[in-house]
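Q: Prediction below, plus the sequence it came from.
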Number of protein chains: 2
Amino acid sequence: MGQESDGLELVTAPPITRELAAYAAGARFDDLPASVRTEAPRALLNWLGCALGGCHEPAVEAALAATDETAGPPRATILGHNRRMDVANAAFVNCLSSSALAFDDTHLATVTHPTGPVAAGALAFAETAMIPGEQFLTALAIGIEIQCRLSNMLLLAPAKANLGLYITGVTGPIGAAAALGLLRGFDTERMNWALGLAAAQGAGFRATHRSMAGLVVPALAARNGVAAAQLAAHGFTCSDGTLEAENGFASAFAAGADPARATACLGRDFEMLANAYKPYPCGIVIHPTIDACLDLAPRIPTGEAPAHVAIVAHPLAITLTDRPAPRTPIEAQVSLQYWAAVSLLRGKAGLDEIGQDAIDDAAVISLRNKISVTGDLSFGRAEATVEVRLATGATLRAHVTHARGSTERPMTDEELDRKFLAQTTRVLPGAAAERLIVLCRDAANLSDIGREIATLAATV
Amino acid sequence: MGQESDGLELVTAPPITRELAAYAAGARFDDLPASVRTEAPRALLNWLGCALGGCHEPAVEAALAATDETAGPPRATILGHNRRMDVANAAFVNCLSSSALAFDDTHLATVTHPTGPVAAGALAFAETAMIPGEQFLTALAIGIEIQCRLSNMLLLAPAKANLGLYITGVTGPIGAAAALGLLRGFDTERMNWALGLAAAQGAGFRATHRSMAGLVVPALAARNGVAAAQLAAHGFTCSDGTLEAENGFASAFAAGADPARATACLGRDFEMLANAYKPYPCGIVIHPTIDACLDLAPRIPTGEAPAHVAIVAHPLAITLTDRPAPRTPIEAQVSLQYWAAVSLLRGKAGLDEIGQDAIDDAAVISLRNKISVTGDLSFGRAEATVEVRLATGATLRAHVTHARGSTERPMTDEELDRKFLAQTTRVLPGAAAERLIVLCRDAANLSDIGREIATLAATV
């Protein structure tokens, strides 16, 4: 810091920006625990399926038309579209595809969707450089890890959480920049710049939900993380301590946030292992209710309509998804009442259940108007009770302690494969989908992951 | 809002997003007061000079190399570089140029630099469409106006201001999106989407100061405003009420912010008239101190060195610029002590005084180490007192009530012309600079402002 004293440079918080930068710059596949080396390909597969499954949603088509105005050299594949754009715009569009159906992964403690910005940025960049699978998976794991840790720092005690934050947009650029910096071979100094330049682009709040704008925040995070690494690669500097400094990232977003939380047991404990894949295409806090409803559905006698449904869940589920009358798929993605009704009536909760026809189904509308919701702080976030009262007066009840897909009851490899096949059936030949599953599972052994995966995933 | 009630859509705050959108979509040059119609060309001239003056700074050269990786079709001029990029990247680079020397305009009440994101976005877009001067000036004025009003909403009472915010990055995307939406002929609905999509990208905090990252925040705002309008143009939707809704823009950035402040007397009172142009290339809160030092400099007897300098200024000047030992031009831009020393010693405070040689000047270093600074809440933001004690014991004193360039003592047209000529002398032939001054002053009568101005401003 030079020899002269400068009052404003006295930073008492631990230097977490530099610590995270050093960690990301020095990470190697062989140093990751086996559990992380196993989880990274699962995260990749789940993300790729989400991107292919969502790549023709109206928001993605609109974004493609918009980015066409400014897109640069065609170096990175637009997944499912057999066309290419520059890395930043490809990362943007592919991340949008992966979040368009709310089917992407979730770090439940913070409701961060970590893989989207990281994987979209890393895969797009990987197409422009020959990136070995091990390096790619390392970048993916480290990017997700840093993103989840920073989300914890902002949202968990002692931070005074601002529930209005769209946390994926706030921490996503940093995760993506860490991954891109690693793929670009940054030293600690450049990584430090990249993380700071990404932190300065953290943005997003939840009022944009219920429209396409709610889907675009993770995509912007992907684009911004790519841009941050791109700037740092060309010598664009950033001051030290961006994450922890006075007037920096932590203090701007969360009063009371403890920076040390972001680096505690770094390299030993992995928050990315608490990241969950969704079995249902909707807000994760809705999932335990869906599990209970799928349990109840076959128990409702044919011809008997429920007269009333009572849901008890963690209060966060109510805060985020108490939305009794959704009119569009985007609104329905975050409607507790909608998913309870449709899963009770159909005994299913897949992609068919988020179509406009399901949302307009008179029976679903009738049932979702007969639902009461109650928050109970004694419930876990993956817990719910659903009680159905039939017209006859009989009552059926189901309780779920840990939703399917939660950390305690994770999706199995077979379930992830089935999810991938269901997501890709409309955009890929079955053989290509099967081959992509193999490539993702075996990603560590690929020599040029961008080319090998993108070639197949570009198929129209 | 449909026929069914939905608890989460009850918004009690005034619908300012829609009101601002309707205002921006419907604005016409002839409806602007004469004062605003006069001020808009001055803002344009001042901005263009800043961009040309800063276009070869190291941060801009680094950013150009970085954006080269992803730049799209060459449709918009990189000012001073005789080359073109896509509109989003050109807006990014040109806004960076205009902020690189801290010479851009400032809305003093909020320390927002409003013209950069708006003008950079609007001029880049104007090169792709034949935009008449009146429409361009309207877009510029409205973009600046909305940006300043939203900055007031976040930073002034009753909002509990977060001094860590880099407010240009937070409100800049919205100002730029409003201008671009107007140039694209948006109706209220599309403008509403554009403002919301821009608000969701508001970002930046002051810990990035003292490095290139501190210069890039306005540039990102320009790029993001362009992107927001681009998305909205292609039917990418945003939910209603983004600015005022629960979990929206106002609540995410400032507890207690009153949305109504952003629309009070809209179309009648113009906050853009409180926007000031800088006579000196540094943080505006330093300016009254420089004025006092330039007053004192000729009064110091030749050969007598000051033994001590005492500065009294508004506390905000101390908070933002108490930085006694800057080592680089970027640090010196926000150093109260540096500018006091250099202007006392040289009797000047222009672009030559922000070069590395001036910063490394032993006499300047010696004097800046003999300066004390004191905040006094009874002082206005454009007020300062400087007292110089000479080695002989004699004392000289100067008090400035309203700094040169402040709203009460604005830069005259002649001063702005001289500033423009000084800024552009290294990049443009004198005749081209003189011609650009005429074009900016007469902008209302141009038929294709993008082409007419860019042709001259691209000269190497």
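A: Right, received. Where do you want to start? Numbers count the residues shown, from 1 in each chain, chains lettered A, B, ... in the order given.
Q: can you give me the helices for the stretch 301-450 of chain A?
A: Secondary structure of the stretch 301-450 of chain A (DSSP state H, counting those that start in this stretch): helices located at A:315-321, A:329-332, A:336-346, A:356-360, A:362-368, A:413-424, A:430-441, A:449-457.
Q: Poorly predicted segments of chain A, please.
A: A:1-11, A:459-460 (pLDDT under 70).
Q: and the longest helix for it?
A: helix A:133-155 (DSSP state H).
Q: helix or strand right after that one?
A: helix A:167-183 (DSSP states H and E).
Q: ok, is that following helix in contact with chain B or not?
A: Yes: Helix A:167-183 reaches chain B (C-beta under 8 Å from any C-beta of the partner chain) through A:Gly169. C-beta here means a position set from N, CA and C on the backbone, and glycine is covered the same way.
Q: what's the helix or strand that that helix is followed by packed up against?
A: Later in the chain than helix A:167-183, the nearest helix or strand by DSSP H and E is helix A:188-199. Counting contacts by 3 or more C-beta pairs under 8 Å, 6 or more residues apart in numbering or on different chains; DSSP states H and E, helix A:188-199 packs against helix A:16-26, helix A:167-183, helix A:213-233, helix B:213-233.
Q: send the alpha carbons of helix A:188-199 over as PDB?
A: Output of helix A:188-199 as PDB, limited to C-alpha atoms (Å, rounded to 0.1, in the frame of the first residue of the first chain):
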ATOM      1  CA  THR A 188      -4.400 -13.800  -8.100                       C
ATOM      2  CA  GLU A 189      -4.000 -10.100  -9.100                       C
ATOM      3  CA  ARG A 190      -6.100 -10.400 -12.200                       C
ATOM      4  CA  MET A 191      -8.600 -12.600 -10.400                       C
ATOM      5  CA  ASN A 192      -8.900 -10.000  -7.700                       C
ATOM      6  CA  TRP A 193      -9.700  -7.400 -10.400                       C
ATOM      7  CA  ALA A 194     -12.200  -9.700 -12.100                       C
ATOM      8  CA  LEU A 195     -14.100 -10.500  -8.800                       C
ATOM      9  CA  GLY A 196     -14.200  -6.800  -8.000                       C
ATOM     10  CA  LEU A 197     -15.400  -5.800 -11.500                       C
ATOM     11  CA  ALA A 198     -18.100  -8.500 -11.200                       C
ATOM     12  CA  ALA A 199     -19.100  -7.400  -7.700                       C
END
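Q: how much does it deviate in direction from helix A:16-26?
A: Helix A:188-199 runs at 120 degrees relative to helix A:16-26, counting by axes from the mean of the first three to the mean of the last three C-alpha atoms, to 10 degrees.
Q: Can you list the neighbours in contact with helix A:188-199?
A: A:17-18, A:20-22, A:24-26, A:146, A:173-174, A:176-178, A:180-182, A:186, A:224-225, A:227-229, A:231-233, A:236-240, A:242-243, A:248-249, B:208, B:211, B:213, B:216 (C-beta atoms under 8 Å, 6 or more residues apart in numbering or on different chains).
Q: Tell me which of the helices of the stretch 301-450 of chain A sits most buried.
A: helix A:336-346 (a mean of 26; mean count of other C-beta atoms under 10 Å in any protein chain shown).
Q: hmm, that helix touching chain B?
A: No: if you take C-beta under 8 Å from any C-beta as the test, helix A:336-346 misses chain B, and the best it gets is 10.2 Å.
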